[in-house]
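Peer 1: Sharing a model prediction with you, sequence too.
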Amino acid sequence: MLDLSEAPAEEAADSRDPRGWLPILNAYREPSFFRGVFELAVTFAAFAALWTAMWWTLSISVFLTVLIAVPTAAFVVRLFIIQHDCGHGAFFRNKILNDFIGRVLGVLTMTPYDVWKRAHAIHHATSGNLDRRGVGDITTLTVREYKALSFRRRMAYRLYRHPLVMFGIGPAYMFLLQHRLPIGFTRVGLKPWISAMATNAAIVAGAVFMMWLVGVWQFLLIHTSVVALGASLGVWLFYVQHQFEHTIWERNEDWGVTDSAFYGSSYYDLPAVLRWMTGSIGVHHVHHLCSKIPYYRLQQVMRDNPELRNIHRITLLESLNCVRLTLWDETSQRLVSFREALAPEPRFAG
């Protein structure tokens, strides 16, 4: 029997102007200092304990060390989510405290906080705008743009979009190497350079201390693998949040920031444990519409407003299908695969 119990809620949510949600969502914006301290302490303590466990098991079984690397990397992602909330001014009330915590965490996540904060603000301000692509997003071409490329540039885009590059080589390169210089922000003053170089100096100082404490190759093996794996997990989350079939991309004249925020972002409905590990960042349509909501209140938003669960909901299994979506089709207004984009048009007998 077909269950239609959620249909009215879905229709109500889809028909509401996203701006109508703002007064409702603003009620969840207030951060809690004690909750923030608790979230930070638990996350860092778990990360430190797991990192130590990896070091301890190196002399017992490398296989066991690799197994522990997975949850350790997940807590790197959780530290990044806290850094992310600090960048939005959502983790604590005090801006100075947010920026301080964000910069410290930037050393652990190997992400210069002020450089990332600027790029991420641009991402929020331009997400889904076809005429303002290129900063803080995943490069996405339209079908027409792709077909106009030379063979060599088509192959380069296909390589960039290959899962091994997108979720393996690319994230490792970005967090371990690309973040060392403020690429793309060389014309906006010294602040990006100061942020990047200060983060780099703190990373080197911390690395030298840890090498002295636990050993050179032990530190390099553990921390490099944890950061690289955490980077892959983080990029996957970011990918699914915007690279799904019925997301929104519009030309500048038709683009609107609220519509794009709400309908161009997914609700990644993960199992409870994964929701906690990822700081509920899967509630991305709510986050993009009201980025001042602390991550630890996003699940409360969903409980209080169940109709929001029907906006671009993607399950863990369904998210695997997003990998094949690589090009924006301006005609059908959806993301399509290379195969769909290049399929011959059907012919009809006259």
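Peer 2: Happy to help now that I have it. Note that this is a predicted model, so its numbers are computed, not measured. Numbers count the residues shown, from 1 in each chain.

Peer 1: With adjacent residues omitted, what lies nearest to Arg251?
Peer 2: Distance criterion CB to CB, 6 or more residues apart in numbering; nearest residue to Arg251, sequence neighbours excluded, is Leu130 at 5.3 Å. Placement of C-beta: from N, CA and C, glycine included.

Peer 1: Okay, strands next: where are they in this protein?
Peer 2: According to DSSP state E, the chain carries its strands in the segments 141-142, 267-269, 313-315, 327-329, 334-336.

Peer 1: Among those strands, which comes closest to Ala201?
Peer 2: strand 267-269 (35.7 Å; CB to CB).

Peer 1: Next, format the strands of the chain as TSV and append mean pLDDT, mean neighbour count and distance to Leu233.
Peer 2: Formatted as TSV, these follow (pLDDT from 0 to 100; neighbours: other CB atoms under 10 Å; distance: least, CB to CB, whole Å):
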stretch	mean pLDDT	mean neighbour count	distance to Leu233
strand 141-142	96	18	25
strand 267-269	96	21	13
strand 313-315	96	16	16
strand 327-329	96	21	25
strand 334-336	95	20	22
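
Peer 1: Tabulate those in JSON lines, adding columns for distance to Met174.
Peer 2: Shown next, in JSON lines, are those (distance: least, CB to CB, whole Å):
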{"stretch": "strand 141-142", "distance to Met174": "19"}
{"stretch": "strand 267-269", "distance to Met174": "21"}
{"stretch": "strand 313-315", "distance to Met174": "24"}
{"stretch": "strand 327-329", "distance to Met174": "22"}
{"stretch": "strand 334-336", "distance to Met174": "22"}
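
Peer 1: Would you quantify the distance from the residue nearest to Asp131 when sequence neighbours are not counted to Asn129?
Peer 2: Nearest residue to Asp131, sequence neighbours excluded (CB to CB, 6+ apart): Asn252, at 4.1 Å. With the distance defined as CB to CB, to the nearest Å, Asn252 ends up 6 Å from Asn129.

Peer 1: which of these two has more neighbours?
Peer 2: Asn129 (20 against 10; other CB atoms under 10 Å).

Peer 1: so what pLDDT did the residue nearest to that one when sequence neighbours are not counted get?
Peer 2: Spatial nearest neighbour of Asn129, excluding adjacent residues (CB to CB, 6+ apart): Trp255 at 4.7 Å. For Trp255, the pLDDT comes out at 92.

Peer 1: Next: Val188.
Peer 2: For Val188, pLDDT reads 72.

Peer 1: Next, count neighbours for it.
Peer 2: Each residue near Val188 was counted by other CB under 10 Å, and the total is 12.

Peer 1: For it, list the residues it contacts.
Peer 2: Residues near Val188 by CB atoms under 8 Å, 6 or more residues apart in numbering: Arg118.

Peer 1: Likewise for the one 10 residues further on?
Peer 2: When the contact criterion is CB under 8 Å, 6+ apart, the partners of Ala198 are Arg103, Pro112.

Peer 1: swap in the one 4 residues further on?
Peer 2: When the contact criterion is CB under 8 Å, 6+ apart, the partners of Ala202 are Val107.

Peer 1: separation between it and His288?
Peer 2: 30 Å.

Peer 1: Tell me how many other residues surround the residue nearest to Arg251.
Peer 2: Neighbour count for Leu130, taken as other CB under 10 Å: 18.

Peer 1: these two touch, right, it and Asn252?
Peer 2: Yes. If you go by CB atoms under 8 Å, Leu130 and Asn252 touch, sitting 7.5 Å apart.

Peer 1: In this structure, which residue is most central in space?
Peer 2: Phe238 (2.9 Å; CA atoms, centre = their mean).

Peer 1: and the residue nearest to it when sequence neighbours are not counted, how far is that from Val76?
Peer 2: Nearest residue to Phe238, sequence neighbours excluded (CB to CB, 6+ apart): Ile138, at 7.3 Å. Taking CB to CB as the measure, Ile138 falls 20 Å from Val76.

Peer 1: and the two? which has more neighbours close in?
Peer 2: In this view Ile138 and Val76 are compared by other CB under 10 Å, and Val76 has more residues nearby, 28 against 15.

Peer 1: Run through the residues that contact the nearest residue to the more buried one once chain neighbours are set aside.
Peer 2: Computed as CB to CB, 6+ apart, the closest residue to Val76 that is not its neighbour in sequence is Gly230, at 3.4 Å. With contact taken as CB under 8 Å, 6+ apart, Gly230 is in contact with Ala73, Ala74, Val76, Val77, Phe80, Thr109, Phe175.

Peer 1: Kindly report the same for Leu298.
Peer 2: Ser280, Val283, Val286, His287.

Peer 1: for Trp56, same thing?
Peer 2: Counted by CB under 8 Å, 6+ apart, Trp56 has zero contacts.
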